[in-house]
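Undergrad: model this:
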Amino acid sequence: MPELTPDALRAAVARIAPSRIPALTQHLFEATTNAQQTQSLAPLRAFVHSWAVFVAIQRHPERAACLRELERIVDVGEQDPAAAITEIQAIRETAEAEAGL
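TA: Take a look at the predicted model:
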């Protein structure tokens, strides 16, 4: 896992999911703006949390694929999503733990 800094997270995203760099950049811009406006670090903490979890998931291709499939199951709504939601939560919790969050 990279350090939990915007630069380190950007570098990690550039390696594992370069197509997501524009979204990361936009999120960082919004978080910085909100932090300045509210005089709070909470928006920056949320940015770091979000992208650290993303990196922790995406650096394991099997985990990322599983998450995409579970999210598809929930989105389609053709079956009871309870099991998929539980598994999504478990994946995110594991990613948070790996990121040290």
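Undergrad: what's the helix or strand for the residue nearest the centre of the chain?
TA: The residue lying closest to the centre of the chain (Cα atoms, centre = their mean) is Phe54, at 2.8 Å. Using DSSP states H and E, Phe54 sits in helix 42-58.
Undergrad: packing partners for that helix?
TA: If contacts are counted by 3 or more Cβ pairs under 8 Å, 6 or more residues apart in numbering; DSSP states H and E, helix 42-58 sits against helix 6-16, helix 21-38, helix 61-76, helix 82-99. C-beta: built from backbone N, CA, C; applies to glycine.
Undergrad: buried stuff in stretch 85-95?
TA: Within stretch 85-95, the residues that count as buried by 16 or more other Cβ atoms under 10 Å are Ile88, Ile91, Ala95.
Undergrad: so can I have a markdown table of those residues showing pLDDT and distance to Gln36?
TA: What follows is the buried residues of stretch 85-95, written out as a markdown table (pLDDT from 0 to 100; distance: Cβ to Cβ, whole Å):
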| residue | pLDDT | distance to Gln36 |
| --- | --- | --- |
| Ile88 | 97 | 33 |
| Ile91 | 97 | 33 |
| Ala95 | 97 | 29 |
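Undergrad: alpha carbons of stretch 14-27, as PDB, please.
TA: Coordinates of each C-alpha in stretch 14-27 appear next as PDB, following Å, rounded to 0.1, in the frame of the first residue of the first chain:
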ATOM      1  CA  ALA A  14      -1.600   5.900 -12.200                       C
ATOM      2  CA  ARG A  15       0.000   2.500 -12.000                       C
ATOM      3  CA  ILE A  16      -3.100   0.300 -11.400                       C
ATOM      4  CA  ALA A  17      -6.000   2.200 -13.000                       C
ATOM      5  CA  PRO A  18      -4.700   5.200 -15.100                       C
ATOM      6  CA  SER A  19      -8.100   5.800 -16.500                       C
ATOM      7  CA  ARG A  20      -9.200   6.900 -13.000                       C
ATOM      8  CA  ILE A  21      -6.700   9.800 -12.700                       C
ATOM      9  CA  PRO A  22      -9.200  12.400 -14.000                       C
ATOM     10  CA  ALA A  23     -11.700  11.300 -11.300                       C
ATOM     11  CA  LEU A  24      -9.000  11.400  -8.600                       C
ATOM     12  CA  THR A  25      -7.900  14.800  -9.700                       C
ATOM     13  CA  GLN A  26     -11.400  16.200  -9.700                       C
ATOM     14  CA  HIS A  27     -12.100  14.700  -6.300                       C
END
